[in-house]
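S.K.: whatever this is, show me its structure:
(one chain, ligands or ions: 1)
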Amino acid sequence: MSARAGFLAFAIAPVHVHDGRPKEPMALSPQDEQMLDRALALAALGSLVDPNPRVGCVLVRDEVVVGEGFHAGAGTAHAEAAALAQSGESARGATAFITLEPCTHVGRTPPCAQALIDAGVERVVFVAADPSERAGGGAALLREAGIAVEKASPRFEQSSRALNEAWFFAAEHGRPHVTWKYATTLDGRIAAADGSSRWITGDASRADVHALRARSGAVVVGTGTALTDDPALTVRGSAYTGHDPLRVVVGHRDLPADSRLLEPEGEI
Ligand SMILES: Nc1nc(O)c(N)c(N[C@@H]2O[C@H](COP(=O)(O)O)[C@@H](O)[C@H]2O)n1
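M.R.: Numbers count the residues shown, from 1 in each chain. Okay, the predicted model is just below:
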C-alpha cells in the first residue's frame, strides 16, 4: 500500500489553493483550522519528557490528507519529515499544517524548512514561531523560496504552547523550567519538630506528585530531605509510563548505603 493510500480514508472539505507566490497572509478557512487541530492532536502523541518539543504536521493536497507525522523524541524524524516520508511525491503542491515553525538547523536530523522546499510544498501554515536561536527562522527561509507562509491565530498558539510549556520556557529564557513542589499544613508547617510526620498530604496529592515526576526531566532535593525522609523520587502507580526523572541530591553530606535513592530504579 502506498503511503498516500494509507491515509486517504480521512477526506476533508475543500482547502483554498494558492496559484501565485509570494502571497500576503490570508484568513484561515474552517478547513485550515480543522487541519491545524489535527496537527495539534498528532503533536500530543509525542513524548512528554524530551529535550525536544512535541510537534505535529499534516500535508494536504487537492483537499486530501496525503501525509501526517509527529515528532516522537530527540534523534527521531521531525514531524515534517515524518509527514513527507508518508506523502512521498504527493507533497508537491501541497499545504503543510505544522504546530511549530519548520526548523532551519542541521541538528540530530536535517532542516525541515529545506525539506519542505525540496518536496515542492506550496503553502505552509504554522502555529507557533520557533524561539530558539539555532533552529528558528524557517518562515523567512520558506518565503524566500517563494512558498506562501501563514501563521495561525493565537488560539492555536496557546494549544501548541500548552503542549510544550517547559520547552518554550527554556528556549525563551535560556534556563530550565522549574516547578517548586512543597507540602505544608494549614498553619504553614512542613513537619512536626521531631520529624515524625512524614506524610502530611493525602492520596490525591501524592498521585499528583507522581504525575508531575512523570513529566519532569529531573527532581532535585537537598541532603536534608534525602536523609530525613529517605525518598525514592521515582514514578510509581498509574502515572508510570516508563520514565523516571534524574534524581539530583544537592548538599555535602553522604547518603547511607541503604538509602532508597541508591536503589537501582532511576538514575542519580
Ligand atoms: N519544526 C520542528 N518540527 C519538529 O518535529 C521538531 N522536533 C522541531 N524541533 C526543533 O529542532 C530542535 C531539535 O532538533 P534536533 O533534535 O537537533 O534534530 C528543537 O530544539 C526545535 O527547535 N522543529
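S.K.: quick check, the residue in the stretch 101-250 of the chain closest to the ligand?
M.R.: Among the residues of the stretch 101-250 of the chain, residue 107 lies nearest to the ligand; the distance is 2.1 Å by C-beta to the nearest ligand atom. Every C-beta, even on glycine, is put in place using the N, C-alpha and C of the backbone.
S.K.: what kind of secondary structure is that residue in?
M.R.: Look at residue 107: counting by DSSP: H, G, I helix; E, B strand; the rest coil, its state is coil.
S.K.: next, count neighbours for it.
M.R.: The tally of other residues near residue 107 (other C-beta atoms under 10 Å) stands at 13.
S.K.: same thing with residue 154?
M.R.: A count of neighbours around residue 154, defined by other C-beta under 10 Å, yields 11.
S.K.: does stretch 60-75 reach the ligand?
M.R.: Yes - with C-beta under 6 Å from any ligand atom as the criterion, the ligand is reached by stretch 60-75 at 71, 74.
S.K.: quick one: buried residues of that stretch?
M.R.: By neighbour count on 16 or more other C-beta atoms under 10 Å, the buried set for stretch 60-75 is 60, 61, 64, 65, 66, 67, 68, 69, 70, 71, 72.
S.K.: check stretch 73-92 too.
M.R.: Residues of stretch 73-92 classed as buried by neighbour count (16+ other C-beta under 10 Å): 76-84, 86-87, 90-91.
S.K.: next: stretch 45-60.
M.R.: When neighbours are counted by 16+ other C-beta under 10 Å, the buried residues of stretch 45-60 are found to be 46-47, 49-50, 52-60.
S.K.: for the residue of the stretch 101-250 of the chain closest to the ligand, grab phi and psi.
M.R.: Phi and psi for residue 107, reported as degrees, to the nearest 10, are phi -110, psi -130.
S.K.: got the residues of this structure near the ligand?
M.R.: Within the chain, the positions lying close to the ligand (C-beta under 6 Å from any ligand atom) are 52-53, 55, 71, 74, 78-80, 100, 102-103, 107-109, 112, 130, 132, 135.
S.K.: re the thing from before, nearest to the ligand, of the buried residues of stretch 60-75?
M.R.: Comparing every one of those with the ligand (C-beta to the nearest ligand atom), the shortest separation belongs to residue 71, at 3.3 Å.
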